[in-house]
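S.K.: Pasted the sequence and its predicted model underneath.
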Amino acid sequence: MTSSNRVQLAVVREVTPGTTPSTPRMRKARITGESLSFAPEYVDPDEIRDDRMLNDPIKVMQASTGGVNFELSYPDDGSPMSEFYRSGFFAPWVNTPTFDNDGTADSVVTGVTDSSDTFAVASGGASVVAGHLVRATGFTNAANNQVFRAASSTGTTIVGASLTLTDEAAPPAAAKLKVVGFQGASGDITATSTGLGSTTLDFTTLGIAVGQWIKIGGTATGDKFATAALNDWARITAIAATALTLDHLPAAWTTDAGTGKTLKVWFGDYIRNGTTVTSLTLERGFLGQAVPTYIVNTGMQVGELQHSITSRQKITGSVTFTGMGGSQSTTALDASPDAVTTGLVMAANANVGRLYENGSRLTSPNWAMEVAFTINNNLRTNESVDEASPVAVREGECTVTGSVNSYFGDNSLLAKFYAGTPSSLATRVDKNGQALVFAFPRVTYRSDGNPNASGKNTDVMLPLGWQASKDTLIGAHATLDRLPYFE
C-alpha cells in the first residue's frame, strides 16, 4: 500500500530533450495533486480464430503526459516552479546579477573583508555596477546579511561604502549576493511628469529593460520620496541615460525633486513568452512502499500553464505536459534531492497588491472578483516507426487567453467588449517582501460579456473572456516579473 501523502515529485531540466542528465540534481516540487502518466499503448490483433480466442495485445507506443497542480508561492530561481514557468513561457529567465554558493561553501562567494567593504566572488563581479542595490544573505555573521549600494566592482570584487561587515574567509554554502534594485546619491533621482529622472546615475547601465516592473521607494524616510503617492509600482516604457519613462503610474503621480533623498528603486528577474524550448525530467517517488517505486517522465514540456485568482481563495495553478519517454525503477535518479522551497503560499485579497486594467487600477464600481489566464503552447509529438516513444515535441502557436469576472458597476468594460477596443491587464502579488507581476500588455475582450440577473438579492456580474496578442513595446503576449526582495 502507498498513500498520496508519501508521494514525492522531483524535477530536473534537461539539456537534450528526452534525455535525463547523468547524475542529475533533482529538486522536490510543491504540488497539490498530479496526473502524470508514463504508460504503454496497446492494440488488439485482428486475426480471426476458430476457437473465438484472442492473441496477446500488441504494444505500439509508450508516451509521457499528464499534469501537476499547485498553489502559488515565490518561484526561487532553479526551483521546479521556476522551471515550469521557463518551460511554459518557452523562454529563459533574465536574471539580475547573482552569486550563489548554492550548497558548496566558498565556491562562488569567496570572502568578506570589513576593512575594504568588499565581498569577493569567483568571477563576474563586474556585472554589478555602481548604484546597484545588492542583497547579501546566508552568511555566517549576521552583520554581513544586508542590502547595500555598490560603489564599485571588479571581476572578483563587489565593493560597498561605509559598510559594517565581519570578515569571513570562507562564506558558507548558503551565502548569496543578488542585485535587487538601484539607489541614487542624495538628491540625484527625481520624479518627473513622465517617470524618474537623474543627474548622475546612468539608467542605461543598470541592466533594466523596457517592459520591466519596478517598485519605487524604500522603507526609511531618506530612501523614498516625501510625496507618499510616488512610492509605488510602475512599468518601464523607455530608458535613457537620465530618464526612465514609466506607465501604470499611480493616479496621484506628480513631480518631486527628491531633495536630500537617497532614493531606492527595486527590480528583479523577468520572463516573456518566446521560442526557446525547455524540457524537463519528472520523477515521482512512491515513498510509502517498503521498497519505493520511482516512475520517470522524460522530455516533458509545458503545454498549458494556468493560474486562477479568486476572491477569498488561495492562488492556484496547474501545468499540463506533453513528453517523450520514461521508465520505472526502484532506484531514484537522485537519492538526496533538494528540499522544497519555503516561500509561503499566496492568496487573493490579502496578497494581491493591485489588478491593473488599461494601466490603472480596476476599482470602483467594477471591482474584480476573479481573474484567470492560460498560456497554451499547442504542443504535438513527432513519432518514428523505429522508436517506441515520441522522438520530439513540437510547439505550435502561443495562445494566451483568460477571463475577468467583475461587478457590473458601469458600462466601461462592456463598451470595450462591444467595440473590440484593445486594453491591457496586469496583476501584482506580493508577500513577505517578495513579489510577482503577471502582465498581458495587449488584450482584447472577445467572449462572454453577458451581465445577467441570476436571481433576487444578488449582484449583477460582468464575466469577460479575453485573448492576448503581440505587444509592440516588448514583442510578447505575456510577461512575469519576480522581485526577490523589495521594501
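M.R.: Structure's in. What do you need?

S.K.: State the next helix or strand along the chain beyond the longest helix along the chain.
M.R.: Among the segments of the chain that qualify as a helix by DSSP state H, the longest is helix 80-89. Going down the chain from helix 80-89, the next helix or strand is strand 98-100, by DSSP states H and E.

S.K.: hey, where'd the helices end up in this protein?
M.R.: For the chain, the helices defined by DSSP H occupy 80-89, 412-419.

S.K.: now for the shortest one, which elements pack on it?
M.R.: Packing partners of helix 412-419 (3 or more Cβ pairs under 8 Å, 6 or more residues apart in numbering; DSSP states H and E): strand 434-448, strand 461-468. In short, each C-beta sits where N, CA and C put it, glycine included.

S.K.: can you put those in JSON lines and add distance to Asn69 and mean neighbour count?
M.R.: Converted to JSON lines, those look like this (distance: least, Cβ to Cβ, whole Å; neighbours: other Cβ atoms under 10 Å):
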{"stretch": "strand 434-448", "distance to Asn69": "18", "mean neighbour count": "21"}
{"stretch": "strand 461-468", "distance to Asn69": "22", "mean neighbour count": "20"}
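
S.K.: just so I know, which of those lies nearest Val134?
M.R.: strand 434-448 (16.6 Å; Cβ to Cβ).

S.K.: Can you list the strands that the closest one pairs with?
M.R.: Counting by DSSP bridges, the strands paired with strand 434-448 are strand 423-431 (antiparallel), strand 461-468 (antiparallel), strand 479-483 (antiparallel).

S.K.: coming back round to it: adding mean pLDDT as columns, could you present the helices and strands packed on helix 412-419 in CSV?
M.R.: Shown next, in CSV, are these (pLDDT from 0 to 100):
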stretch, mean pLDDT
strand 434-448, 98
strand 461-468, 98
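
S.K.: Compare those and report which one is nearest to Leu379.
M.R.: Among those, strand 461-468 comes nearest to Leu379, with 18.4 Å by Cβ to Cβ.

S.K.: Just want the angle from that closest one to helix 412-419.
M.R.: 50 degrees (axes from the mean of the first three to the mean of the last three Cα atoms, to 10 degrees).

S.K.: tell me the contacts of Asn349?
M.R.: Neighbouring residues of Asn349 by Cβ atoms under 8 Å, 6 or more residues apart in numbering: 311-312.

S.K.: Quick check: the gap between it and Tyr407.
M.R.: Per Cβ to Cβ, to the nearest Å, Asn349 is found 15 Å from Tyr407.

S.K.: how about TSV for the helices and strands packed on helix 412-419, with distance to Thr104 added?
M.R.: Shown next, in TSV, are the helices and strands packed on helix 412-419 (distance: least, Cβ to Cβ, whole Å):
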stretch	distance to Thr104
strand 434-448	25
strand 461-468	41
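
S.K.: now for those strands, which one comes closest to Gly103?
M.R.: For the helices and strands packed on helix 412-419, the distance to Gly103 is smallest for strand 434-448, at 21.2 Å, taking Cβ to Cβ.

S.K.: roughly how far is that closest one from the heart of the chain?
M.R.: Chain-centre distance of strand 434-448: 15 Å, with Cα atoms, centre = their mean, to the nearest Å.

S.K.: Now do the buried residues in stretch 15-27.
M.R.: Under the neighbour-count criterion of 16 or more other Cβ atoms under 10 Å, stretch 15-27 has 17-18, 20, 24-27 buried.

S.K.: ok, now stretch 449-461?
M.R.: By neighbour count with 16+ other Cβ under 10 Å, stretch 449-461 contains the buried residues 451, 461.

S.K.: ditto for stretch 280-300
M.R.: By neighbour count on 16+ other Cβ under 10 Å, the buried set for stretch 280-300 is 280-286, 292, 294-300.

S.K.: end-to-end on it?
M.R.: Length of stretch 280-300, first residue to last, Cα to Cα, to the nearest Å: 5 Å.

S.K.: Give me the mean pLDDT for it.
M.R.: Stretch 280-300 shows a mean pLDDT of 97.

S.K.: Domains in this protein, by residue range?
M.R.: According to automatic domain parsing, the chain comprises the domains 4-43+56-91+275-483, 99-182, 184-267.

S.K.: What mean pLDDT does the longest helix of the chain get?
M.R.: Mean predicted confidence for helix 80-89 is 98.

S.K.: angle of it against strand 434-448?
M.R.: 40 degrees.

S.K.: For helix 80-89, enumerate the helices and strands it packs against.
M.R.: Under the contact criterion of 3+ Cβ pairs under 8 Å, 6+ apart, helix 80-89 touches strand 7-13, strand 269-272, strand 293-310, strand 316-322.

S.K.: Just name the most buried of the helices of the chain.
M.R.: Of those, the one with the most neighbours on average (mean count of other Cβ atoms under 10 Å) is helix 80-89, at a mean of 24.

S.K.: now the longest helix of the chain, how far from the centre of its chain.
M.R.: Distance of helix 80-89 from its chain centroid, counting by Cα atoms, centre = their mean, is 7 Å.

S.K.: what's the answer for stretch 4-21, then?
M.R.: Distance of stretch 4-21 from its chain centroid, counting by Cα atoms, centre = their mean, is 19 Å.

S.K.: got the CA positions of that stretch in CSV?
M.R.: Output of stretch 4-21 as CSV, limited to C-alpha atoms (Å, rounded to 0.1, in the frame of the first residue of the first chain):
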residue,chain,number,x,y,z
SER,A,4,-0.7,10.3,-1.7
ASN,A,5,0.9,11.9,1.4
ARG,A,6,4.0,9.9,0.7
VAL,A,7,4.4,10.8,-3.0
GLN,A,8,7.4,12.9,-3.9
LEU,A,9,7.8,14.8,-7.2
ALA,A,10,11.3,15.8,-8.2
VAL,A,11,12.3,17.8,-11.3
VAL,A,12,15.5,18.5,-13.3
ARG,A,13,16.0,20.5,-16.5
GLU,A,14,17.2,18.5,-19.5
VAL,A,15,20.0,19.7,-21.9
THR,A,16,18.9,17.4,-24.7
PRO,A,17,15.1,16.9,-24.8
GLY,A,18,14.2,13.4,-23.7
THR,A,19,17.5,12.7,-22.1
THR,A,20,17.9,13.0,-18.3
PRO,A,21,21.3,14.5,-17.3
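
S.K.: what about Arg52, neighbour count?
M.R.: 6 (other Cβ atoms under 10 Å).

S.K.: And for Ser3?
M.R.: Ser3 is flanked by 10 other residues according to other Cβ under 10 Å.
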